[in-house]
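S.K.: Sharing a sequence plus its predicted fold:
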Amino acid sequence: MDRRKLILSSMATAGLSACASTAQERPGEPPPRSQYDTGRAQTYSADEMIRNTSDFLGVTAESAGAAVERAFRDNGQPTGYIAGEEGSGAIAIGLRYGRGLLYMKGRPTQEVFWQGPSVGWDWGGNASRVFTLCYNLQYPDAIFRRFPGVEGTAYLVGGLGVNYQRADDITLAPIRAGVGLRLGANIGYLAYSRQRNILPF
């Protein structure tokens, strides 16, 4: 092999080695991104939520606006929402079951079920639609856990019932409308799951 061929062969080998080392993860570089960019969930504006709440619950924009604005004032802008239906009933101890779809900007729609006991001064039966604002929910799978009710947060505004549920730094604000709307301080919890569970415990 003459000198020219030897030089060209060496250059080719060096180029392949450089490409291989570039393809490898370099020390100090951040790891590849996961499926979800968990720290940058997009938020919804008050106008978006008022319009969606009004359309889904079948109430006036004024009623929806009163409930949504109260939740925005307490919690800021939501990163997602659940539109669903639920059934429940209680005298002193009750049960609540529901099903809905979780929406987040830039994320796939996720079917969600929830169930749980409630203990407190609740009364009446309830078959209602529920529109839940989700705060600081960064990716859909983070919804699947128990969310205890926050005492003292239940209120009526614009003919709609609203209360807060919280787990870690995620807050849910269900807005309910329907026949037999339940009132009271609910100190139970709701467990959100991927499939329907008969037992709420």
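M.R.: Received it, and whenever you're ready, just let me know what you need. Numbering: from 1, shown residues only.

S.K.: low-confidence ranges in the protein?
M.R.: Scanning the chain for pLDDT under 70 picks out the ranges 1-39, 88-94, 118-127, 151-153, 155, 178-187, 199-201.

S.K.: can you rerun that using 50?
M.R.: 1, 3-38, 180, 183-185 (pLDDT under 50).

S.K.: the helices in it, which residues?
M.R.: 3-23, 46-57, 61-75 (DSSP state H).

S.K.: quick one, the second one and helix 61-75 angle?
M.R.: Orientation of helix 46-57 against helix 61-75 (axes from the mean of the first three to the mean of the last three Cα atoms, to 10 degrees) gives an angle of 130 degrees.

S.K.: If you count contacts, what does helix 46-57 end up packed against?
M.R.: helix 61-75, strand 80-90, strand 125-135, strand 170-179 (3 or more Cβ pairs under 8 Å, 6 or more residues apart in numbering; DSSP states H and E). Every C-beta, even on glycine, is put in place using the N, C-alpha and C of the backbone.

S.K.: For these, could you give me JSON lines that also reports mean neighbour count and distance to Ala142?
M.R.: Converted to JSON lines, the helices and strands packed on helix 46-57 look like this (neighbours: other Cβ atoms under 10 Å; distance: least, Cβ to Cβ, whole Å):
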{"stretch": "helix 61-75", "mean neighbour count": "19", "distance to Ala142": "16"}
{"stretch": "strand 80-90", "mean neighbour count": "20", "distance to Ala142": "10"}
{"stretch": "strand 125-135", "mean neighbour count": "22", "distance to Ala142": "9"}
{"stretch": "strand 170-179", "mean neighbour count": "22", "distance to Ala142": "6"}
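
S.K.: Next, format those as TSV and append distance to Thr109.
M.R.: Listed next are the helices and strands packed on helix 46-57 as TSV, based on distance: least, Cβ to Cβ, whole Å:
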stretch	distance to Thr109
helix 61-75	21
strand 80-90	10
strand 125-135	13
strand 170-179	17
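
S.K.: Out of these, flag the one nearest Tyr44.
M.R.: Judged by Cβ to Cβ, the one of the helices and strands packed on helix 46-57 that comes nearest to Tyr44 is strand 80-90, at 6.9 Å.
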